[in-house]
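*Asks:* Just need the structure, nothing else, for what follows:
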Amino acid sequence: MMKKITTVFLTTALSSVLYAGNITNSEKIIGLEIGAATIQADTGGFFAELDHEGTDMELGIRLGAQFDSWRTMLVFDYFDSSDDDQNYEKGLITVDYFLSNDTAAMRPYLGVNAGYMNYESTDIDESGFLYGVQTGFTYRVMPNVDVDLSYRYSFTDAGHTDHIQSALLGINYIY
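*Replies:* Below is the predicted model of the structure:
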């Protein structure tokens, strides 16, 4: 566990150092995201489903920066499925590579994510490392506003959870 926390910390520190020199030349991002998420988890218990899938709405905030061909964001998401008593909070670092140039109105991208999550269900409260991929596209609707449609898939090493997948709509204010 300590090895994973150290890896996340060092990756964050390294990306911050590499990124700090160019921050003044980038477009800064602050935004919100909302979408449908599904978590695959073992909710435990003798009579409970051992392989349970919970689906509900995921809400999040994002902070970051983008350049001509890539962007990076810090994302915090919250999911609460009261129907099946599952919820999680996750913090991610995402890095996306734009597949088209910065003058296009619609820009598809591919990316990776890594972070940490806390999962809670009946008699379960655990945390774990999270990593995965994402894809989507951004569309510049106004000079300072992007709309982002994306799909994110992340694996986790927590004992009772396997993966999380999310289809998200994001609105980013660019300053």
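*Asks:* Skip ahead from the longest strand seen in the chain and say which helix or strand is next.
*Replies:* Longest strand of the chain, by residue count under DSSP state E: strand 124-142. Downstream of strand 124-142, the first helix or strand assigned by DSSP states H and E is strand 145-156.
*Asks:* Alpha carbons of that next one, in PDB - could you do that?
*Replies:* Presented in PDB, the C-alpha positions along strand 145-156 are these (Å, rounded to 0.1, in the frame of the first residue of the first chain):
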ATOM      1  CA  VAL A 145     -16.300  27.700 -22.800                       C
ATOM      2  CA  ASP A 146     -15.700  24.100 -23.900                       C
ATOM      3  CA  VAL A 147     -18.200  21.300 -23.700                       C
ATOM      4  CA  ASP A 148     -16.600  17.900 -23.200                       C
ATOM      5  CA  LEU A 149     -18.200  14.500 -23.900                       C
ATOM      6  CA  SER A 150     -16.100  11.600 -22.600                       C
ATOM      7  CA  TYR A 151     -16.000   8.000 -21.600                       C
ATOM      8  CA  ARG A 152     -13.700   7.000 -18.700                       C
ATOM      9  CA  TYR A 153     -12.800   3.400 -17.600                       C
ATOM     10  CA  SER A 154     -10.700   2.800 -14.500                       C
ATOM     11  CA  PHE A 155      -9.500  -0.300 -12.600                       C
ATOM     12  CA  THR A 156      -9.000  -0.300  -8.900                       C
END
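*Asks:* now for the helix or strand following it, which elements pack on it?
*Replies:* Remark: after strand 145-156, the chain's next helix or strand is strand 161-174, criterion DSSP H and E. For strand 161-174, the packing partners by 3 or more CB pairs under 8 Å, 6 or more residues apart in numbering; DSSP states H and E come out as strand 27-41, strand 52-66, strand 86-98, strand 106-121, strand 124-142, strand 145-156. For the C-beta atoms, the positions are set from N, CA and C on the backbone; glycine is no exception.
*Asks:* looking at the ones you listed, which is buried most?
*Replies:* Most buried of the helices and strands packed on strand 161-174, by mean neighbour count (mean count of other CB atoms under 10 Å): strand 86-98, with a mean of 20.
*Asks:* For that one, which strands pair with it and how are they oriented?
*Replies:* When pairs are called by DSSP bridges, strand 86-98 turns out to pair with strand 70-81 (antiparallel), strand 106-121 (antiparallel).
*Asks:* For the nearest residue to residue 94 once chain neighbours are set aside, which residues are in contact?
*Replies:* The shortest distance from residue 94 to any non-neighbouring residue, by CB to CB, 6 or more residues apart in numbering, is to residue 113 (4.5 Å). Residues near residue 113 by CB atoms under 8 Å, 6 or more residues apart in numbering: 75, 92-95, 130-134, 152, 154.
*Asks:* This completes my enquiry, with thanks.
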